[in-house]
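**Q** what's the 3D shape of this:
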Amino acid sequence: MATRYQSLSPADHSQSPATVGAFVDRWIYVFMAVFLIAIVLVGFIPDSIQKISAVSAGQRPAFPLAMHLHAVLMGAWMLLLLAQTTLMATGRKTHHMKLGVAGMVLAPALVIAGLVLVPTNIQSFTQFAAGSPPEAQAQINGFLQFMTNIALAQIRAGACFLLLVVLALAARKRDSGLHKRLIILATTVPLPAAFDRMPFLYHTLPESPLTMNLWPLLAIAPMFLWDVYRSHSIHRAYWVYAIVMVPTAIAVQLLWGTDWWMRTGGALIGIPT
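**A** Below is the predicted model:
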């Protein structure tokens, strides 16, 4: 007579915890790429539709070319992340390494486009305000002051994103685990721009940048929790991320809205005096 164990089919054995764990280990980074893309789409699509309607109604200036370029580069980076994680999950490492060259070009291009976008937006709104009625000018002036603070956050995001990408690329041959985690973590750095566009979330803006630093932790959570579950420890990639992000977050928090930054940052990005 067959025992209960002997009657188990191969399919039953394939669902063992070890097999499930190996499956998640292989596909967790693909899941993270899809998750981050979903965050970007949820944040930007409704907001973009609203802004397009405002442009059509003459309530705001048209989108400058720099904004379109930045959107294309960010979209390309997210699609590259999905492609790269999928290639590794399906065992096509050679293709992954060849495609990785694109990331070396995209990362600095994305940062440069983001830095150019801030003063370009300021110039666009300043010109738009010149021909607007007084009440609209008052609103735009308030927006320009807010953009001075946002510039501080964007400078931080650009610097931290690029630093984490450089560290990830430096580790790609000697420590693949550190490499792939840092790339994911770097991709979460600009995500406050998406979270800030979700009206159903709690936000401390414009008074404080606190939630800009907190909501991206939600994006990191699936990978972080899985790593802790599997290894019962915190992978060093998260310590590197914390060393880069925490001091800069504190600096932004302390400088946000200060007279010194409003003068210095305003002059830096071209706010009219």
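**Q** which SSE is immediately downstream of the lengthiest helix in the chain?
**A** Counting by DSSP state H, the longest helix found in the chain is helix 17-56. Downstream of helix 17-56, the first helix or strand assigned by DSSP states H and E is helix 65-89.
**Q** now for that next one, which elements pack on it?
**A** Packed against helix 65-89 by the contact rule (3 or more Cβ pairs under 8 Å, 6 or more residues apart in numbering; DSSP states H and E) you find helix 17-56, helix 93-130, helix 176-188. The way it works is simple: take the backbone N, C-alpha and C, and place the C-beta from them, glycine included.
**Q** show me what counts as buried in the second one.
**A** The reference is to helix 93-130. By neighbour count on 16 or more other Cβ atoms under 10 Å, the buried set for helix 93-130 is 96, 100, 103, 106-107, 110-111, 113-126, 128-129.
**Q** ok, now the first one?
**A** Along helix 17-56, these residues count as buried under the neighbour rule (16+ other Cβ under 10 Å): 28-30, 32-37, 39-40, 43-44, 47, 51.
**Q** hang on, the earlier thing: angle of the longest helix of the chain against helix 176-188?
**A** 20 degrees (axes from the mean of the first three to the mean of the last three Cα atoms, to 10 degrees).
**Q** and helix 17-56, average pLDDT?
**A** Helix 17-56 shows a mean pLDDT of 94.
**Q** renumber starting at 32 from here on
**A** With 32 as the first residue, the last one maps to helix 48-87.
**Q** please compute how far it lies from its chain's middle.
**A** 11 Å (Cα atoms, centre = their mean, to the nearest Å).
**Q** cool, stretch 185-203 as well?
**A** Worked out by Cα atoms, centre = their mean, stretch 185-203 lies 12 Å from the chain centre.
**Q** just the buried residues of that stretch, please?
**A** So, applying 16+ other Cβ under 10 Å, buried residues of stretch 185-203: 185-189, 191-196, 198-200, 202-203.
**Q** which of these fall in helices?
**A** Judged by DSSP H, helices contain the following of those: 185-189, 191-196, 198-200.
**Q** gap between residue 173 and residue 55?
**A** 47 Å (Cβ to Cβ, to the nearest Å).
**Q** wait, isn't residue 98 in contact with residue 148?
**A** Yes - at 6.0 Å, residue 98 counts as touching residue 148 under the criterion of Cβ atoms under 8 Å.
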